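Enquirer: how does the following fold in three dimensions:
(chains A and B)
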Amino acid sequence: MKNQLGKIKENIIEMLLFLSAIFSIIITGSIVFILFYESIGFFKEVSIIEFLTGKEWTPLFANPKFGVLPLIAGTFLTTGIAISIALPLGLIAAIYLSEYATHRVREILKPVLEVLAAIPTVVYGYFALLFLTPLLQKFIPQISSFNALSPGIIMGIMIIPYVTSVSEDSMRAVPMHIREGSYAMGATRFQTAIKVIIPAAFSGIGAGFTLGISRAIGETMVVAIAAGMMPNFTLNPLEPVQTFTSYIVQVSLGDVPHGTLEYKTIFAAGVTLFLITLIFNIIGFWLKKRIIIRGVY
Amino acid sequence: MEDIKKRIKIIKFWDYLFGIVGLLSTFVGVLLLVILFIDLFIDGAARLNYKFITSFPSRFPKEAGILSALVGTTLVMFVTAFVAVPLGVMAGIYLEEYAKKNWLTNIIEINIANLAGVPSIIYGLLALGLFVYFFKFGESIITGGLALALLILPIVITATRESIRAIPNSIREASYALGATKWQTVKNHIIPYSLGGTLTGIIIGLSRAIGETAPVITVGALTFITFLPSSPIVKRFPFISFKWLFDPFTVMPIQVFNWVSRPQKEFHINAAAAGVILLIMTLLMNAIAIYIRYRFRRKIKW
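Expert: Purely as a prediction, here's the structure:
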């Protein structure tokens, strides 16, 4: 009898644990459902062709226009600046930590670098708007006080840890005997890193790169604070721009009634943002999987 | 011969140069961190005092403070931890100790990895559609707390799984050999031994939630709150009240955002001061997490 009760208890506990694990799928399901449900309402009133090809984004004006291209341009401009800072710096840092640094130096520098990812993004936004932009204005006088360049640079430094940590992991996964083979041929650490380690760890570097891009696309507060909230269809980094994320923030700050077309626009912007980052996440995930397979030499 | 020597010299020089460049690029981030902290501290020093912490926001920058934001952050974090910790730890235990290797487990794992990469503002939209309008929780503390809980769930799950995975199988086998059931093994061995890593993950997750702004803005947290939520302790029976869960609120990062986006310079000083306090809170939590990890690593030797 006691045994029977014990068995039931075990089963109930397993059931509870299973339900918590399943919960994560429910979250994804609700995200997809909410985003699509609300944006279907949007696309009933605005044609998807107008949405994807329009060059003007003025949903809050009296005569609203719903062309998403300015937001795409703004998002990719800030992301492009960020990744062109983060990729070289992050990659060099990864090579340094994996191939050059002693154990002690690595143990100290890695956690410090991780702190960069832990700082609240709103603080980075403050820094971009009130420290970096005035500094840039001294060198580039024609830059406007809200611009894409300054938040792009700050975002770039912010995502260095994402690029570095995945790249470094995959470089360290390259077996020692491959490195030793290269050293035995008389190659220096630099030559080994460039000609042997980077090609061998290529998927991991690619994964760090795509995950960094996905982070930068989804980053909100830095651009909301320092890039201005101007949907400009431009690729000029000196001008103010608006991204998907900062548009959502702009609408959320105002008092937009539930169910109106303005309310639905943030979900249309959200679903586009979700799909773009999903593509990068899938590529990154796939590349990351390859590290483990390739790790077996 | 001379030629080869020269070539070797050049190659060695490059090797040496790259070592320096590598160290420098690693330090770019560190340098930014230091400048950021100093800049923020210098800007905000004038307002960093007791009165700033105990005052409500105000139209007059010199009288404004962060009391409602601090209380809001504390209460929201309470809800977040209350939801994310049990759910995350239980899901982690299931995936490591119970789950069979099948398609369902596979989907759950891919799904968690994907959730970790979803931009935080999307969680805000989810909470807006689901908690604010579907469940009718309104723009309240519980909505904000739940949004952040969903956001940090993948972090808690991953940390739990990693620390459970570090426990050697011999421990489990020893427990089974003494006739313990699966749950007894988990309760008496797996959970206590993995506590260090799990705790580290929970604190890091919460420190991320404290600094998150976007999802809380999206659910419609107010920026100008000059009152406190109703007290969780009341005079009449049953002495605790949950009315505060449904009160409007603001949190620290929103307060910083609100002040930084105003044109007046005086408000920027407030933003810097609040930023310093927010930064200290997150850095402190990270330091505690690192310390716990270090302590547990030293204490347990398999």
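
Enquirer: where does the stretch 151-297 of chain A have low pLDDT?
Expert: A:291-297 (pLDDT under 70).

Enquirer: ok, the stretch 201-302 of chain B next?
Expert: Using pLDDT under 70, the stretch 201-302 of chain B drops low at B:223-224, B:232-237, B:239-240, B:298-302.

Enquirer: mind doing that once more with 80?
Expert: B:220-244, B:294, B:296-302 (pLDDT under 80).

Enquirer: closest residue of it to chain A?
Expert: For the stretch 201-302 of chain B and chain A, the shortest gap (C-beta to the nearest C-beta) falls at B:Gly211, measuring 2.9 Å. (Each C-beta comes from the backbone N, C-alpha and C, glycine too.)

Enquirer: next, work out how far apart that residue and B:Ala147 are.
Expert: To B:Ala147, B:Gly211 is 14 Å away according to C-beta to C-beta, to the nearest Å.

Enquirer: who has more neighbours, these two?
Expert: For B:Gly211 versus B:Ala147, the count of surrounding residues by other C-beta atoms under 10 Å in any protein chain shown is larger for B:Ala147: 30 against 24.

Enquirer: quick one: contacts for the more buried one?
Expert: Neighbour list for B:Ala147: B:Tyr123, B:Gly124, B:Leu126, B:Ala127, B:Phe131, B:Pro215, B:Val216, B:Thr218, B:Val219 [criterion: C-beta atoms under 8 Å, 6 or more residues apart in numbering or on different chains].

Enquirer: helices of chain B, residue ranges please.
Expert: B:2-44, B:50-53, B:67-93, B:103-117, B:120-127, B:141-165, B:169-177, B:182-185, B:191-211, B:214-218, B:252-260, B:265-299 (DSSP state H).

Enquirer: and the fifth one, how far out from the chain's middle?
Expert: So the one you mean is helix B:120-127. Here the centre of helix B:120-127 is set off from its chain's centre by 16 Å, with C-alpha atoms, centre = their mean, to the nearest Å.

Enquirer: now do it: which elements does it pack against?
Expert: Here helix B:120-127 touches helix A:2-45, helix A:202-218, helix A:244-253, helix A:261-295, helix B:141-165, helix B:214-218, going by 3 or more C-beta pairs under 8 Å, 6 or more residues apart in numbering or on different chains; DSSP states H and E.

Enquirer: any chance of these in a markdown table, plus distance to A:Leu87?
Expert: Below are these laid out as a markdown table (distance: least, C-beta to C-beta, whole Å):
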| stretch | distance to A:Leu87 |
| --- | --- |
| helix A:2-45 | 29 |
| helix A:202-218 | 6 |
| helix A:244-253 | 21 |
| helix A:261-295 | 14 |
| helix B:141-165 | 25 |
| helix B:214-218 | 24 |
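
Enquirer: winner for burial among those helices?
Expert: Among these, judged by mean count of other C-beta atoms under 10 Å in any protein chain shown, the one packed with the most neighbours on average is helix B:214-218 (a mean of 29).

Enquirer: ok, that one near chain A or not?
Expert: Yes: Helix B:214-218 reaches chain A (C-beta under 8 Å from any C-beta of the partner chain) through B:Ala214, B:Ile217, B:Thr218.

Enquirer: what does stretch B:83-92 give?
Expert: Yes: counting by C-beta under 8 Å from any C-beta, chain A has neighbours in stretch B:83-92: B:Pro86, B:Leu87, B:Gly88, B:Met90, B:Ala91.

Enquirer: for the fourth one, which residues are in contact?
Expert: Which is B:Met90. A:Leu16, A:Leu17, A:Ser20, A:Ala21.

Enquirer: surely the second one and B:Val89 touch.
Expert: No: with contacts counted by C-beta atoms under 8 Å, A:Leu17 stays clear of B:Val89, the gap being 9.6 Å.

Enquirer: near chain A, which residues of the stretch 201-302 of chain B show up?
Expert: B:204, B:207-208, B:210-214, B:217-220, B:223, B:253, B:256-257, B:260-261, B:268, B:271-272, B:275, B:278-279, B:282-283, B:286, B:290.

Enquirer: just the buried residues out of these, in ChimeraX syntax.
Expert: In ChimeraX syntax, the buried subset of these is picked out as below (16 or more other C-beta atoms under 10 Å in any protein chain shown):
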select /B:204,207,208,210,211,212,213,214,217,218,219,220,253,256,257,260,261,268,271,272,275,278,279,282,283,286,290
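
Enquirer: what's the burial count for B:Lys62?
Expert: For B:Lys62, the count of nearby residues is 13 (other C-beta under 10 Å).

Enquirer: look at it and report its pLDDT.
Expert: Looking at B:Lys62, its pLDDT stands at 76.
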